[in-house]
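J.: What shape does this take:
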Amino acid sequence: MVNRVLGILVMSAVATTASAGDSLNQYILERAASCWTTPTAMRGISFSADVHVSFTREGHVSAIEVVDVEPQTETFKGLANDFAEALKRCSPYVTEGMNEMNLTLSWPL
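T.: Just a heads-up that it's a prediction; the model follows:
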């Protein structure tokens, strides 16, 4: 079994509406990162993923769609899907009334 470590992530996010601040996006991404373990072998690589997330009124994740991943390989698509699962695991979030968001994850370790 591959040893797993908590990923240290540098992330940025853009909300689907102008009313959401960067701090809300950063909060959601950082909280999801705390639930995301990444394989040790992935240290030192870079990738990005755009994820569309829908939330319930209570802040639980109701749907996630990985929209884009760079580079376009199965390995990075798998990492993006792992991150999407971490978003689910760490919910509920305080979404300040937002029910949908586009998050952009950038990962250089």
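
J.: from here on, contacts and neighbour counts on C-alpha atoms
T.: Noted.

J.: Do I have it right that His52 meets Val61?
T.: No - with contact defined as CA atoms under 8 Å, His52 does not reach Val61; the gap is 10.6 Å.

J.: So which of those two has more stuff around it?
T.: It is Val61, of His52 and Val61, that has more neighbours when counted by other CA atoms under 10 Å, with 22 against 19.

J.: Contact partners for that one?
T.: Going by CA atoms under 8 Å, 6 or more residues apart in numbering, Val61 touches 53-55, 87-88, 91-92.

J.: change it to 7 Å
T.: Under the criterion of CA atoms under 7 Å, 6 or more residues apart in numbering, the neighbours of Val61 are 53-55, 88, 91.

J.: Which strand residues bridge Met101?
T.: Ala15, Val53 (DSSP bridges).

J.: residues near it, how many?
T.: Residue crowding around Met101 was assessed by other CA under 10 Å; the count is 20.

J.: do Gly78 as well
T.: Under the criterion other CA under 10 Å, the count of neighbours that Gly78 has is 12.

J.: So it: helix, strand or coil?
T.: In terms of secondary structure, Gly78 is helix; the call rests on DSSP: H, G, I helix; E, B strand; the rest coil.

J.: Looking at it now. What's its pLDDT?
T.: Gly78 is assigned 91 on the pLDDT scale.

J.: likewise Asp22?
T.: The predicted structure scores Asp22 at 79 on the pLDDT scale.

J.: same thing with Ser12?
T.: According to the model, Ser12 scores 33 on pLDDT.

J.: for the helix or strand harbouring Phe47, packing partners?
T.: Secondary-structure element containing Phe47, defined by DSSP states H and E: strand 46-55. Taking 3 or more CA pairs under 7 Å, 6 or more residues apart in numbering; DSSP states H and E as the contact definition, the neighbouring helices and strands of strand 46-55 are strand 61-70, strand 100-108.
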